[in-house]
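# Okay, here's the prediction I keep looking at, along with the sequence it came from:
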Amino acid sequence: MATADLTVIALGRPDASASVYIAEIQRRLARQDKVGYRMHAMGTSLEGETADVLALVGELHAVPFEQGVPRVYTVLKLDERRDKPQTLDDKVASVERRLRG
């Protein structure tokens, strides 16, 4: 199981807002069922099998190109554990337990 943080940045867009590209990325995420996801203010968190996450990232990286943007910069942070399954919620809960203790 892998968790990841993804940010896709459309460079050379006609205005400062990126919401049109982000909305299409979120639509693409909603249409697939292999990778869990959660949008946040600075990107999207992903969870699933590493191969599925990486394949999906490739598809999402292409979205701004499909909308006519000349350059796309994608940042991916990938965390994979092989000793035990760990979801996004598990990672947050682990820190929250330490904060209470």
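Nice, thanks for sending it over.
# in the protein, which spans are helices?
Along the chain, counting by DSSP state H, helices occupy 19-31, 50-61, 63-66, 88-100.
# mind listing what's buried in the first one?
Spelled out, that is helix 19-31. 21, 22, 24, 25, 29 (16 or more other CB atoms under 10 Å). For every residue, glycine as well, the C-beta is placed using N, CA and C.
# Using TSV, lay out those residues together with pLDDT and distance to residue 41.
Converted to TSV, those look like this (pLDDT from 0 to 100; distance: CB to CB, whole Å):
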residue	pLDDT	distance to residue 41
21	96	15
22	96	11
24	98	18
25	98	14
29	98	16
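# Contacts only, for the nearest residue to residue 13 once chain neighbours are set aside.
Residue nearest to residue 13 in three dimensions, not counting chain neighbours: residue 69, with 5.5 Å by CB to CB, 6 or more residues apart in numbering. The contact partners of residue 69, by CB atoms under 8 Å, 6 or more residues apart in numbering, come to 10, 11, 12, 13, 21.
# wait, the last one sits on residue 65?
Looking back up the chat, that one is residue 21. No. Taking CB atoms under 8 Å as the definition, residue 21 is not a contact partner of residue 65, at 10.1 Å.
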